[in-house]
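# Using only what follows, build the 3D model:
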Amino acid sequence: MIVESALCLAEDADRIQVGGGSWTPASAMGVLLLERLTAHAGLTFELELPSEATKAA
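Next up is the predicted model:
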């Protein structure tokens, strides 16, 4: 994940939308980093939404 973050900074710097300051990799690179991690690092991500029973509690 660290290497893909570094490569994202090096190769996709012109596509990163944030300016200066302190950002986490996910906040700064968002979808660009997600695409790299799934394409090159073999990671997968899923979004789990709470069930109706959880919402009522």
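# Show me the helices in this protein, by range?
When secondary structure is read from DSSP state H, the chain shows helices at 2-11, 25-40, 52-56.
# Could you identify which of these is most buried?
helix 25-40 (a mean of 16; mean count of other Cβ atoms under 10 Å). For glycine as for every other residue, the C-beta is placed from the backbone atoms N, C-alpha and C.
# quick one: that one to helix 2-11, angle?
For helix 25-40 against helix 2-11, the angle by axes from the mean of the first three to the mean of the last three Cα atoms, to 10 degrees is 100 degrees.
# Mind giving me the packing neighbours of helix 25-40?
If you count contacts as 3 or more Cβ pairs under 8 Å, 6 or more residues apart in numbering; DSSP states H and E, helix 25-40 packs onto helix 2-11.
# Can you name every helix or strand that the helix it packs on contacts?
helix 25-40.
# mean confidence score for the helix it packs on?
Across helix 25-40, the average pLDDT comes to 94.
# Give me the distance from that helix to the chain's centre.
Centroid separation between helix 25-40 and its chain, computed with Cα atoms, centre = their mean, to the nearest Å, is 4 Å.
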